[in-house]
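Novice: no letters, just coordinates:
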């Protein structure tokens with residue numbers, strides 16, 4: 001008779017390269033029998049992660065023949081007999097694979113101490129496969145969503161009992177070989193393996209200044225991960241420092257682009273950011289006496305001129321799109337209302353019969 005352990009967890013993933021072993025997580029020592037941590041998981045970027053296993057130390061059975069009696073069976077070792085539901089190409093390995101034999105394909109976990117005061121074995125197991133095997137499993141399984149219900153058929157060795165009913169059961173033996181009428185049968189651990197279609201993608205976002213001045217230095221970064229390698233590429237600029245890290249300093253020659261590629265084992269990710277150079281020399285006067293204040297501003301700027309001559313103004317965003325234009329005359333002071341404009345850098349073109357000049361506006 002198969003016994004169902006009341007656990008619904010997922011086995012973590014390991015890579016074919018590192019399929020020889022895994023490391024149990026000691027924080028789960030002393031927990032009830034089962035797999036830890038709880039919750040369904042999928043392949044990590046490097047396809048390496050372990051699920052900790054806590055062994056059984058005892059179980060209770062009731063024998064009705066020749067007379068009713070309930071006994072505690074003391075278990076000294078654990079093994080996996082079979083695994084049902086793995087996608088084709090994926091395999092399981094354990095930290096005790098070196099003890100595997102014909103009866104225990106994944107090895108034995110040994111409890112320590114003496115009955116009835118044993119300490120449960122602390123072990124681990126993991127699924128592994130080549131990248132192509134993981135890819136092939138995408139979109140399969142339950143409802144073609146990459147969800148694979150798994151059954152781990154677990155066996156336990158009964159070394160003694162209290163009261164001692166081993167004579168009735170047939171002596172020390174594996175639970176799977178005990179007569180089902182006497183409570184025998186494998187234990188079943190239910191598990192779920194989830195393989196999302198984007199499991200090999202790393203999500204990231206480049207942060208930094210988008211509106212830049214040529215020949216000035218700026219810093220760009222992505223969130224740091226100790227397992228990730230970073231490769232930055234800059235168009236129309238120079239990486240001054242930081243290549244290979246999550247943060248670089250860049251000097252721009254003009255408008256350009258910065259891109260970062262992240263690699264973590266079998267996973268990759270990329271993000272980029274366009275930067276726009278603000279033209280230098282915007283405040284050089286070409287026969288026009290003009291000033292802007294306050295600058296930066298929350299949206300209300302004052303344009304002060306040296307005369308009341310008529311002027312044409314055009315305000316452009318960093319892409320060159322005109323967001324406002326008008327004709328002004330009769331005063332030396334004008335309020336320029338940009339409260340409804342987006343935060344950022346703008347260029348004001350001022351033109352009179354004397355010439356033309358430019359002013360940079362910063363809306364914050």
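Specialist: Ah, there it is. Remember, it's a predicted structure, so these values are computed and weren't measured experimentally. Residues are numbered from 1 along each chain as shown.

Novice: ok, residue 341 to residue 322 distance?
Specialist: To residue 322, residue 341 is 12 Å away according to Cβ to Cβ, to the nearest Å. Just so you know, the C-beta spots here come from the backbone N, C-alpha and C atoms, and that holds for glycine as well.

Novice: which of these two has more residues huddled nearby?
Specialist: residue 341 (15 against 10; other Cβ atoms under 10 Å).

Novice: secondary structure class of the more buried one, three-state.
Specialist: coil (DSSP: H, G, I helix; E, B strand; the rest coil).

Novice: that one: what's it in contact with?
Specialist: Residue 341 is in contact with 299, 323, 363, counting by Cβ atoms under 8 Å, 6 or more residues apart in numbering.

Novice: among those residues, the buried ones, what's the ChimeraX command?
Specialist: Only the buried entries of the contacts of residue 341 go into this ChimeraX selection, using 16 or more other Cβ atoms under 10 Å:
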select :363
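
Novice: pLDDT, distance to residue 229 and secondary structure for the contacts of residue 341 - can I get that in CSV?
Specialist: Below are the contacts of residue 341 laid out as CSV (pLDDT from 0 to 100; distance: Cβ to Cβ, whole Å; DSSP: H, G, I helix; E, B strand; the rest coil):
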residue, pLDDT, distance to residue 229, secondary structure
299, 90, 43, coil
323, 88, 42, strand
363, 88, 38, strand
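
Novice: can you give me the domain boundaries for the chain?
Specialist: 3-194, 211-277, 290-363 (automatic domain parsing).

Novice: between those domains, which one is nearest to residue 200?
Specialist: domain 211-277 (4.7 Å; Cβ to Cβ).

Novice: end to end, how far does that closest one reach?
Specialist: End-to-end distance for domain 211-277: 6 Å, by Cα to Cα, to the nearest Å.

Novice: what of stretch 76-95?
Specialist: For stretch 76-95, the end-to-end distance is 18 Å (Cα to Cα).

Novice: ok, now stretch 332-346?
Specialist: 22 Å.

Novice: pLDDT below threshold where in the stretch 201-350 of the chain?
Specialist: Filtered on pLDDT under 70, the stretch 201-350 of the chain yields the residue ranges 278-287, 318-320.

Novice: which residue ranges form the helices in it?
Specialist: In order along the chain, the stretch 201-350 of the chain carries no helices (DSSP state H, counting those that start in this stretch).

Novice: need the domains of the chain in TSV (columns: distance to residue 204).
Specialist: TSV is the format used below for the domains of the chain (distance: least, Cβ to Cβ, whole Å):
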stretch	distance to residue 204
domain 3-194	12
domain 211-277	5
domain 290-363	23
